[in-house]
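J.: need a 3D model of the sequence below.
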Amino acid sequence: MNKKILSRCKGNSFADRAALRVRAKMYKKLAEVIPLQDMRNVLDVGVTADRAASSSNFFENHYPHSERITAFSDQDARWLEQEFSGLKFVQGNALALPFPDNCFDLVVSNAVIEHVGSFGNQRKFLGECFRVSRKHVFVTTPNRFHPVEFHTILPFVHWLPKRLHRGILKFVGMPFFASENNLNLLTKKELQVMANEVSLSLHRLSSPPHMHHARIVSEWFLGFPSNLLLFMQKA
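T.: So this is what the prediction gives:
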């Protein structure tokens, strides 16, 4: 994830309030699928140093056991340790998480995977989340096929081939989001392929082999699926 990406919406703006509502609904779905009260330790990959947006770090603001959370980011978000009692902050590279295998009961990551670069980097990111998880992984990302792209607030142009989409962003003065390193949106099919590859690689490496499970559900906004919610469970 890029250190320059702190927040995509200003505090108390319409986009911030909308993001907060959507993320609260995603947290509710997480709580319906995974027994959060039974998770002994949780890793949140990709917390933000931004303090202005109310939608930032939604997991920390909703989960009642902050002492169980390890918050991870390439940004300097050490202030979270003062904000949330018992929370531990670690700074580093999400493509090479500095934790041993099967370390956390639950690994969560909200709207980060679209910021780590190429499909190969995204797969590595997901693989690292899965590697350090003991039981569950929960990853969310914007759906590329929602009519509005919420980083740029432009409609429909992100449905074009990626090369053309990035060319338009450069033309209208958004070179930062035109770079694949800073924004690489995913479709449900692409995310499913990635999750299947990660699960299959772990299946082959385990002894005896265990089949792991992955499924994707959607959160809706303005009548369209706006966010993809990936649930992965280790055998």
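J.: packing partners of the longest helix along the chain?
T.: If you go by DSSP state H, the chain has its longest helix at helix 14-33. Counting contacts by 3 or more Cβ pairs under 8 Å, 6 or more residues apart in numbering; DSSP states H and E, helix 14-33 packs against helix 58-62, strand 104-110, strand 213-221, strand 224-233. Just so you know, the C-beta spots here come from the backbone N, C-alpha and C atoms, and that holds for glycine as well.
J.: look up how far E60 lies from D50.
T.: 12 Å (Cβ to Cβ, to the nearest Å).
J.: what is in contact with the two at once?
T.: Residues touching both D50 and E60 by Cβ atoms under 8 Å, 6 or more residues apart in numbering: none at all.
J.: what comes up buried for stretch 164-179?
T.: H165, R166, L169, M174, F176, F177, A178 (16 or more other Cβ atoms under 10 Å).
J.: and stretch 44-52, by the same measure?
T.: D44, V45, G46, V47, T48, A49, D50.
J.: for the residue most central in space within the chain, list each beta-bridge partner.
T.: Compute the mean C-alpha point of the chain, and by Cα atoms, centre = their mean the closest residue is N110, 3.0 Å away. Beta-bridge partners recorded for N110 (DSSP bridges): T140.
J.: for it, give me its contacts.
T.: R23, M26, D44, G46, F58, F59, V139, T140 are the contacts of N110 under Cβ under 8 Å, 6+ apart.
J.: which residues in the chain form helices?
T.: With helices called from DSSP H, the chain shows them at 14-33, 58-62, 80-83, 119-132, 162-171, 175-178, 188-205.
J.: the fourth one packs against which elements?
T.: So that's helix 119-132. By 3+ Cβ pairs under 8 Å, 6+ apart, helix 119-132 packs against strand 42-45, strand 104-110, strand 133-142, helix 188-205.
J.: now R134: closest residue in space, sequence neighbours ignored.
T.: Distances taken as Cβ to Cβ, 6 or more residues apart in numbering put N102 closest to R134, at 4.4 Å, once the chain neighbours are dropped.
J.: quick one: least confident helix or strand in this structure?
T.: Lowest by mean pLDDT, DSSP states H and E among the helices and strands of the chain is helix 188-205, with a mean of 86.
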